[in-house]
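J.: Quick one, fold the following:
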Amino acid sequence: MSLFNSLSVSASGMGAQRVRTQVLVENLANADTTRTPEGGPYRRKETVFQTDTELIPFAGVFRMEMGEEMTGVKVAEVMEDPREPDRRYLPGHPDADKEGYVLFPKMNPAEDMVDLMSASRGYQANVAAMQAVKDMINRSIDLLR
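T.: Next comes the predicted model:
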């Protein structure tokens, strides 16, 4: 794997972590949303990562045929949480049903904050890897002078 391929792998990781961060921030912002345009409470979302062997479409296939497989990561999908929402007894709330219960998103803000810190650290790790590769490329150029 060349140094430039390493940059592509890190860039794919940064892109995936960026999407994950956006989804987690959306979850936190909607932790108490009881009404959405689709109807019902907000549904927590999660990102699903998948190996990406086609960072550069033709070159990726060519490398696989030659036995030099380069992988990255991509977001395969953003899934909605299938669990039932929480029911809270709030009879004065505008979204309360006839029994006085309001449906709230089934979320744990502490869990989402930990996931957000993990995504941030993953992004930082990819930045550090790119910086290390950049330093190696610069040193190689200096040696050739």
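J.: Could you use CA atoms for every contact and neighbour count after this?
T.: OK.
J.: Give me the next element, helix or strand, following the helix or strand of the chain with the lowest mean pLDDT.
T.: For the chain, counting by mean pLDDT, DSSP states H and E, helix 57-66 ranks last in confidence among helices and strands (a mean of 58). Going down the chain from helix 57-66, the next helix or strand is strand 72-80, by DSSP states H and E.
J.: So which elements touch the helix or strand following that following strand?
T.: Using DSSP H and E, the helix or strand that follows strand 72-80 towards the C-terminus is strand 86-89. In this structure, strand 86-89 makes packing contacts with strand 101-104, judged by 3 or more C-alpha pairs under 8 Å, 6 or more residues apart in numbering; DSSP states H and E.
J.: The residue nearest to L3 when sequence neighbours are not counted: neighbour count?
T.: With C-alpha to C-alpha, 6 or more residues apart in numbering as the criterion, L3 has its nearest non-adjacent residue at 6.2 Å, and that residue is V133. V133 has 19 neighbours, counted by other C-alpha atoms under 10 Å.
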